[in-house]
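Trainee: 3D model of this:
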Amino acid sequence: MLKERIDIENIDGQLFEIKIIEPDDSKPASFTHYLHNHKNGVSQFYKKGALSYVTEILKKEYPKTEITNKVAEDALQYLLFDLNKNIPFPAPKNPKFKFIDLFAGIGGFRLALQNLKGKCVYTSEWDKYSQKTYKTNFGEIPFGDITKPEIKNYIPDNFDVLCAGFPCQAFSIAGRRGGFKDTRGTLFFEVAKIIKDKKPKAIFLENVKGLRNHDKGKTLATILNVLRNDLDYYVPEPKILNAKDFGVPQNRERIFIVGFRKDLGINEFEYPKPIEKKKVLDDILEEQEVSVKYYLSTTYVQTLKNHRKRHESKGNGFGYEIIPNDGTANAVVCGGMGRERNLVNDNRLTNFKPITNIKGKVNREGIRKMTPREWARLQGFPDKFKIIVSDAQAYKQFGNSVAVPAIQATAEKIIEKLSFK
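Mentor: Prediction:
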């Protein structure tokens, strides 16, 4: 059971306690979305859910009082104050465009587009821990499972850009016709359906590099056919961009797909070029001594060395890797060897007493894992981005995230093309 808390004054100066019983409970999400969109005409899409939520809260707070629709309406209007005062990343005061954030994770797309004066008017993310991080940093609880019609029904009209880092899936179809119907049952189909229904001016999709060759290229070919022909968007050839070319020392290649509604008359697009100034690992490492819990045990270090030796004897290069301070990190990922392939040498440790259960002693070679904050920096998240989950969840969340600078550089090119249509 997931329990959240948002401190908001009610009409008697008390606090509302927002409890999400299930990740797909849309009332808390619609409540926070309503509060954040009451000035831009989008709040109508969230008002019904917000009123229902406020009514539930008031009935619990005042069980002996009749809570009419007018009372709930008055309470909701009272709550329309500036929520941005306690949010690390508030929406821009004078936004230039509107966008929605699908498969939002912890908000990498949102952070990038807000930096370009964009206003996020809808967010969807089903993972409850990511929802928690997202709410803490942006003040909104994302809606849940986008495959459910009742969740899609909250998506407003007339937004400008659709952003989605959707998971890669194969299309199991007969005949391989590659059309809109062939994608049913996949998460791309959910994105395509939203594009078909809402017709945003531009779309911005991100996926793993392997999408290009996934299912012998048929998956990407189907996606492009749907976007170009079924949905009538101008979609230039997708491009693989590397995060290390945009201001973070991480070798992370991802495929970007950009599209524009054909009636806008946009028929050319150039992806951003790499920036000249490159960063190295030392630019993102912690300045102070880190906790002993990030240092590997002698037993674990030896296990990694043995593991590498076995692979090398077979002609493989697989194994742990210590990144030099003047080097570039490998891609951070949510599981597997992600942390072991991004070890660092840090000899500043002064307290070698373990604070976790480890086999052996703390190694004296200075070998440690990167901290969650260092992973955040590798993905381009600023230090004021709050990490409020366990280390295990934080590694997963940043590993699953987009690299913010690469997203922002591409989004800037999109907004330039719209300029603003």
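
Trainee: how far away is the residue lying farthest from the centre of the chain from residue 58?
Mentor: The C-alpha centroid of the chain is most remote from residue 64, which lies 42.8 Å away (CA atoms, centre = their mean). Per CB to CB, to the nearest Å, residue 64 is found 12 Å from residue 58. The way it works is simple: take the backbone N, C-alpha and C, and place the C-beta from them, glycine included.

Trainee: SS state for the residue farthest from the centre of the chain?
Mentor: Assigned state for residue 64: coil (three-state reduction, DSSP: H, G, I helix; E, B strand; the rest coil).

Trainee: repeat for residue 344
Mentor: Secondary structure, three-state DSSP: residue 344 is strand.

Trainee: who's in contact with it?
Mentor: 281, 285, 322-323, 325, 367-370 (CB atoms under 8 Å, 6 or more residues apart in numbering).

Trainee: so what pLDDT did it get?
Mentor: On pLDDT, residue 344 comes in at 97.

Trainee: that one pairs with what?
Mentor: As for beta bridges, residue 344 partners with residue 368 under DSSP bridges.

Trainee: which strands and helices sit next to the helix or strand hosting residue 114?
Mentor: For residue 114, the element it lies in under DSSP states H and E is helix 108-115. Secondary-structure packing of helix 108-115 (3 or more CB pairs under 8 Å, 6 or more residues apart in numbering; DSSP states H and E): strand 97-102, strand 118-123, strand 161-164, helix 404-418.

Trainee: show me the contact partners of the last one.
Mentor: Read it as helix 404-418. Counting by CB under 8 Å, 6+ apart, 96-97, 108-109, 111-113, 115-116, 118, 160-161, 163, 201-202, 204, 206, 241-243, 245-248, 252, 254, 256, 258, 260, 264, 266, 269-272, 275, 379-381 sit against helix 404-418.

Trainee: so which strand or helix has the residue minimising distance to the centre of the chain?
Mentor: Centroid check for the chain by CA atoms, centre = their mean gives residue 105 as the closest residue, at 3.1 Å. Per DSSP H and E, residue 105 falls between elements, in no helix or strand.

Trainee: and residue 273, helix, strand or coil?
Mentor: Under three-state DSSP, residue 273 comes out as coil.

Trainee: any regions of the protein where pLDDT drops low?
Mentor: Applying pLDDT under 70 to the chain flags the ranges 1-25, 78-85, 169-180, 182, 317-318, 335-338, 420-421.

Trainee: domains of it?
Mentor: 1-81, 92-275+402-418, 287-370 (automatic domain parsing).

Trainee: what about the residue nearest to residue 324 when sequence neighbours are not counted, how many neighbours?
Mentor: Nearest residue to residue 324, sequence neighbours excluded (CB to CB, 6 or more residues apart in numbering): residue 281, at 7.0 Å. As a burial measure, residue 281 scores 21 neighbours (other CB atoms under 10 Å).

Trainee: try residue 350
Mentor: Neighbour tally, residue 350, other CB under 10 Å: 6.

Trainee: just checking, it touches residue 291?
Mentor: No. Look at residue 350 against residue 291 with CB atoms under 8 Å: they stay out of range, at 11.4 Å.

Trainee: the nearest residue to residue 298 once chain neighbours are set aside: what secondary structure?
Mentor: Take residue 298 and drop its neighbours on the chain: the residue closest to it by CB to CB, 6+ apart is residue 360, 4.0 Å away. Three-state assignment for residue 360 (three-state DSSP): coil.

Trainee: ok, now which ones touch residue 360?
Mentor: 297-300, 302.

Trainee: where along this protein do the helices fall?
Mentor: 26-36, 47-61, 69-78, 108-115, 128-138, 149-152, 187-198, 218-225, 298-313, 372-378, 391-400, 404-418 (DSSP state H).

Trainee: for the longest one, which positions count as buried?
Mentor: This points to helix 298-313. 298, 300-301, 303-304, 308 (16 or more other CB atoms under 10 Å).

Trainee: just these now: which is nearest residue 71?
Mentor: residue 300 (59.9 Å; CB to CB).

Trainee: do I have it right that that closest one meets residue 359?
Mentor: Yes. Using CB under 8 Å, residue 300 makes contact with residue 359 at a distance of 7.1 Å.

Trainee: sorry, back to before: so which of the contacts of residue 344 is surrounded by the most neighbours?
Mentor: residue 370 (27 neighbours).

Trainee: show me the contacts for that one.
Mentor: 294, 329, 339, 342-344, 378.

Trainee: for residue 109, grab the count of nearby residues.
Mentor: Using other CB under 10 Å, the number of residues around residue 109 comes to 29.
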